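Colleague: Structure for the following, please:
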Amino acid sequence: MEPRSRIRLRLTREGLAYVIVVMFVAAAAILRSINLLILLNGLMVAPLLLSWRISRSSLRRLVARRVTGEVWFAGRAETVFWEVTNRRYMLPAWQLTILDQASPDAGRHARGRNTNPVATVVVEEVVPGQTSTSSYRVRFPQRGRYLLGPAKVQTSFPFGLVRAEFTLPEKQEVLVAPAAGRLTTGWDRRLMSVSPGDEAVKRRIGVMGDEFFAVRPWRNGDSLRYLHWRSTAKHNRPMVRQFDRRSDRDVILVLDLWREGAGSDFPSSLAPLDHEIELILSFATTVVVLAGREIQGQVTIAICGSANTLAVSGATSSGHGNENLFRNLALSGPSPEPDLEEMLLEVSKSSTGGSPVYIISSRPDVQQFVDGLIRRNDQDLGDLLPWVRFLSPRDPVFSALFSPPEMLLRNPELPGSLADAGRVVRGVAP
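Modeller: Modelled structure (predicted):
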């Protein structure tokens with residue numbers, strides 16, 4: 001981002017005190033007609049003029065750019081990088097300070113507020129024609145949409161008497177997904193288990209896709225190409241590599257975010273977040289982030305709340321590449337009348353069949369409600385019925401699958417509002 005506003009100059013507190021001393025010396029020299037004081041006064045003015053000139057020149061032809069990660073998660077410290085490029089040919093820039101703001105995007109509720117936290121980033125030197133990088137870390141306790149900026153770039157080099165600064169007015173939107181927890185041991189077997197004679201979709205991926213997990217002694221019938229020569233030499237007998245054939249399995253999670261009397265203006269509302277809704281969204285986030293390590297298939301997340309959204313996650317271990325899905329999880333809010341019927345019809349159209357469909361709901365009677373929907377749409381939803389399973393945050397089964405993030409355990413009621421959500425900027429990491 002290049003500076004769009006002019007460079008402004010102002011005296012620092014030290015500079016103001018220095019000017020008062022200069023004026024006092026000048027007044028004494030004039031009143032007493034002391035030549036040495038007049039000479040001293042001229043010498044004292046020189047650093048002030050030099051500081052004004054150098055600080056102003058240091059900010060000319062500088063380009064500052066904010067760089068953030070693609071996916072942020074609530075409760076986790078994320079790093080924001082600042083890249084500063086010096087486009088001058090000769091003069092370096094020293095001791096730059098960048099003041100960046102982080103605030104919730106609360107719409108009309110945020111107007112007139114000036115209590116946003118400020119992160120301070122120090123860039124010690126930017127060589128002509130090169131780019132220097134510095135960073136700070138920020139943690140948001142709640143999911144939602146946040147804004148970074150506007151930012152100020154300033155310097156008071158070399159004497160600290162005059163500060164020059166320009167403003168970067170652009171604001172950058174950041175979406176913060178729900179906090180990720182932990183899935184318990186064997187969660188995938190529990191989640192994927194269906195009725196006897198399991199027919200869930202499992203796509204074999206071939207010998208080259210098998211996972212090497214151990215070395216064992218050679219037995220008759222083993223192929224010689226699987227010999228592990230280093231282990232053979234160590235144990236003085238033939239040892240072969242053993243593989244575990246993995247399966248590509250698909251799973252569908254339908255998040256039914258029902259809450260009586262809920263509003264539909266998330267994340268603009270300043271109302272506290274609902275603990276049960278956050279548990280559901282946190283579970284889905286955790287599955288997307290971690291499932292790629294254990295389920296080599298697709299995870300479909302259908303969210304039914306203030307708006308119906310459906311997104312598919314690929315089998316990735318890092319969680320990146322699913323920005324659309326994490327966006328849905330970050331911005332979804334509860335509804336008093338979520339359109340679960342429309343979402344199930346959409347899932348039935350996109351499902352290949354045979355994949356377990358887990359409806360994770362905050363309704364007290366979700367099974368009876370869904371049974372009624374299926375009977376009413378038997379022709380469209382009849383094939384989906386054998387694969388539908390139900391989970392509730394209140395179920396012991398849910399607790400056996402999922403360990404919530406510490407922030408939900410420590411503060412289960414999530415007091416506070418989005419107005420407080422950005423007040424956790426942490427330090428400087430130059």
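
Colleague: ok, what's across the strand from the residue most central in space within the chain?
Modeller: Closest to where the C-alpha atoms of the chain average out (Cα atoms, centre = their mean) is residue 72, at 0.4 Å. For residue 72, the beta-bridge partners are residue 176 (DSSP bridges).

Colleague: Buried residues, the longest helix anywhere in the chain. List them.
Modeller: For the chain, the longest helix by residue count, based on DSSP state H, is helix 35-58. By neighbour count on 16 or more other Cβ atoms under 10 Å, the buried set for helix 35-58 is 37, 40-41, 47-48, 51-52, 54-55, 58. Glycine gets a C-beta too; all of them are placed from N, C-alpha and C.

Colleague: do stretch 10-29 as well
Modeller: 11-12, 15, 18, 22, 25-26, 29.

Colleague: How about stretch 364-384?
Modeller: Of all the residues in stretch 364-384, those buried under the rule 16+ other Cβ under 10 Å are 366, 369-370, 373-374, 381, 384.

Colleague: Return the subset of those lying in helices.
Modeller: Short answer: the buried residues of stretch 364-384 in helices (DSSP H) are 366, 369-370, 373-374, 381.

Colleague: Now render those as a markdown table, adding distance to residue 355.
Modeller: Formatted as a markdown table, these follow (distance: Cβ to Cβ, whole Å):
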| residue | distance to residue 355 |
| --- | --- |
| 366 | 19 |
| 369 | 22 |
| 370 | 17 |
| 373 | 19 |
| 374 | 17 |
| 381 | 14 |
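
Colleague: quick one: which of those residues is nearest residue 310?
Modeller: Nearest to residue 310 among these: residue 381, at 15.7 Å, using Cβ to Cβ.

Colleague: Low-confidence ranges, the chain, go.
Modeller: 1-5, 106-117, 186-214, 242-249, 262-273, 291-297, 314-321, 352-354, 410-430 (pLDDT under 70).

Colleague: picking that back up, let me have the buried residues of stretch 364-384 in a markdown table, adding distance to residue 105 as columns.
Modeller: Output for the buried residues of stretch 364-384, formatted as a markdown table (distance: Cβ to Cβ, whole Å):
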| residue | distance to residue 105 |
| --- | --- |
| 366 | 32 |
| 369 | 34 |
| 370 | 35 |
| 373 | 35 |
| 374 | 39 |
| 381 | 38 |
| 384 | 37 |
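
Colleague: Name the nearest of these relative to residue 78.
Modeller: Looking across those and measuring by Cβ to Cβ, the closest to residue 78 is residue 366, at 34.5 Å.

Colleague: distance of that closest one from residue 121?
Modeller: Counting by Cβ to Cβ, to the nearest Å, the gap from residue 366 to residue 121 is 48 Å.

Colleague: Residue 381 now?
Modeller: Residue 381 is 54 Å from residue 121, where distance means Cβ to Cβ.

Colleague: Name the residues that touch stretch 365-375?
Modeller: The contact list for stretch 365-375 (Cβ atoms under 8 Å, 6 or more residues apart in numbering) reads 256, 258, 340-341, 344, 359, 363, 381-382, 384-385, 388, 390, 392.

Colleague: Share the number of residues neighbouring residue 63, please.
Modeller: Neighbour count of residue 63, defined by other Cβ atoms under 10 Å: 16.

Colleague: ok, now the one 4 residues further on?
Modeller: Using other Cβ under 10 Å as the criterion, residue 67 is surrounded by 12 other residues.

Colleague: Disregarding residues adjacent in the polypeptide, which is nearest to it?
Modeller: Among residues not flanking residue 67 along the chain, residue 81 sits closest, at 4.2 Å (Cβ to Cβ, 6 or more residues apart in numbering).

Colleague: got a list of contacts for the helix or strand where residue 280 lies?
Modeller: Per DSSP states H and E, residue 280 falls inside helix 275-290. For helix 275-290, the surrounding residues in contact (Cβ under 8 Å, 6+ apart) are 73, 143, 177-183, 251, 253, 255, 257, 259, 299, 301, 303, 313, 319, 322, 325-326, 329, 332-334, 360-362, 393-394, 398, 401-402, 404-405, 408, 412-414.

Colleague: Following element in sequence after that helix, please.
Modeller: Later in the chain than helix 275-290, the nearest helix or strand by DSSP H and E is strand 299-304.

Colleague: Give me the distance from that next one to the chain's centre.
Modeller: 19 Å (Cα atoms, centre = their mean, to the nearest Å).

Colleague: And for stretch 255-264?
Modeller: 24 Å.

Colleague: How about stretch 332-345?
Modeller: With Cα atoms, centre = their mean, you get 26 Å for stretch 332-345.

Colleague: And it, end to end?
Modeller: Chord length of stretch 332-345, first to last residue, is 20 Å (Cα to Cα, to the nearest Å).

Colleague: same deal with stretch 123-140?
Modeller: First residue to last in stretch 123-140 (Cα to Cα) measures 25 Å.

Colleague: for that stretch, which positions count as buried?
Modeller: 123, 126, 132, 134, 136-140.

Colleague: Could you work out the most separated pair of those residues?
Modeller: Distance extremes for the buried residues of stretch 123-140: the farthest pair is 126 and 140 at 29.6 Å, using Cβ to Cβ.

Colleague: relative to strand 299-304, how tilted is the helix holding residue 280?
Modeller: 160 degrees (axes from the mean of the first three to the mean of the last three Cα atoms, to 10 degrees).

Colleague: which strand is the longest one in this protein?
Modeller: Longest strand in the chain by number of residues, with DSSP state E as the criterion: strand 93-104.

Colleague: so what strands line up beside it?
Modeller: Using DSSP bridges, strand 93-104 pairs in its sheet with strand 118-126 (antiparallel), strand 144-148 (antiparallel), strand 151-155 (antiparallel).

Colleague: Present these as a markdown table; the columns should include distance to residue 227.
Modeller: Shown next, in a markdown table, are the strands paired with strand 93-104 (distance: least, Cβ to Cβ, whole Å):
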| stretch | distance to residue 227 |
| --- | --- |
| strand 118-126 | 56 |
| strand 144-148 | 56 |
| strand 151-155 | 60 |
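
Colleague: show me the contacts for residue 65.
Modeller: Residue 65 neighbours (Cβ under 8 Å, 6+ apart): 1, 82-85.
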